[in-house]
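A.B. asks: Prediction below, plus the sequence it came from.
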Protein chains: 2
Amino acid sequence: MSKSRAEKELEEFDVVFSALAHEARRRILVVLLGRHGEMTAGQIVERFSCSWPTMTRHLSILEEAGLIRVEKVGRERHYILNRQKLRHVVGGWLNWFEEEKNP
Amino acid sequence: MSKSRAEKELEEFDVVFSALAHEARRRILVVLLGRHGEMTAGQIVERFSCSWPTMTRHLSILEEAGLIRVEKVGRERHYILNRQKLRHVVGGWLNWFEEEKNP
DNA sequence: GAAACATTTAGCAAAATGGCTAAATAAAAG
DNA sequence: CTTTTATTTAGCCATTTTGCTAAATGTTTC
């Protein structure tokens, strides 16, 4: 049986909020933002104090959540911020708690 | 030495986003919202399929994050949603990613 | 005060997460 | 084709998280 719309939405919340739970991952998004939304893996890792493999894992968790996407350019990988997804999912959830909606 | 304003803010993001990482905890907030922001522990736990102690822990994580507060009423404990905190912290973080701010 | 009620605390086991090093891959350069 | 560069994959260990049951706590009722 296929998943309902609501189920998929809950899953999306889960994967996004789980991705945002780690400080390094939130910081990666902010760093990307500061560099106009696109950086190579190398440029990202040099701003952090963790190992390459650890960074790779953080990046793939963010990618899995759809908060960034990757493009191969030669032997580099460019990671690109998906601001829209971030705003849509987190903002969408937060919106339930707006005063107008539940006065 | 004391913590700077920025450090305290980062810590706040961390504790709030960590609290929101678990599906049950996000759901607790939504359930509270649906009941006008206030419920007893018992009313909350009966809507979930986990044990009492597990719920108690989820509630204390949310409380630690400042997303709910508790009031003792006789032998009951009333948990009260803090919508403002939720909006302030999550919205505040999300705001960095708004188009106007980083066009 | 004894019994019942509402809830938390203690303590443990299983699972998930996050960090590392070493090895692998893939593209570019020599 | 060998070497260098950029990055990921594999695999391991430590820590944290989450769930449970049993016991404890504080409050009301009888």
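C.D. replies: Yes, it's here. Numbering: from 1, shown residues only, chains lettered A, B, ... in the order given.
A.B. asks: Run the angle between the helix or strand that contains A:S18 and helix B:5-19 for me.
C.D. replies: A:S18 is located in helix A:5-19, with elements delineated by DSSP states H and E. Taking axes from the mean of the first three to the mean of the last three Cα atoms, to 10 degrees, one finds helix A:5-19 and helix B:5-19 inclined to each other by 140 degrees.
A.B. asks: Helix A:5-19 and DNA strand D, are they touching?
C.D. replies: No. Judged by Cβ under 7 Å from any atom of the strand, helix A:5-19 stays clear of DNA strand D, getting no closer than 8.8 Å. For glycine as for every other residue, the C-beta is placed from the backbone atoms N, C-alpha and C.
A.B. asks: and that helix, how far from the chain's centre?
C.D. replies: 13 Å (Cα atoms, centre = their mean, to the nearest Å).
A.B. asks: For the helix or strand just after it, name the packing helices and strands.
C.D. replies: Once the chain leaves helix A:5-19, the next helix or strand it forms, by DSSP H and E, is helix A:23-34. If you count contacts as 3 or more Cβ pairs under 8 Å, 6 or more residues apart in numbering or on different chains; DSSP states H and E, helix A:23-34 packs onto strand A:38-40, helix A:41-45, helix A:52-64, strand A:68-73, strand A:76-81, helix B:5-19.
A.B. asks: Can you check which of these gets nearest to B:G37?
C.D. replies: When those are ranked by proximity to B:G37, the top entry is helix B:5-19, at 16.9 Å, counting by Cβ to Cβ.
A.B. asks: what angle separates that closest one from helix A:23-34?
C.D. replies: Using the same axes, to 10 degrees: helix B:5-19 against helix A:23-34 is 120 degrees.
A.B. asks: Now do the buried residues in helix B:5-19.
C.D. replies: B:E12, B:F13, B:V15, B:V16, B:F17, B:S18, B:A19 (16 or more other Cβ atoms under 10 Å in any protein chain shown).
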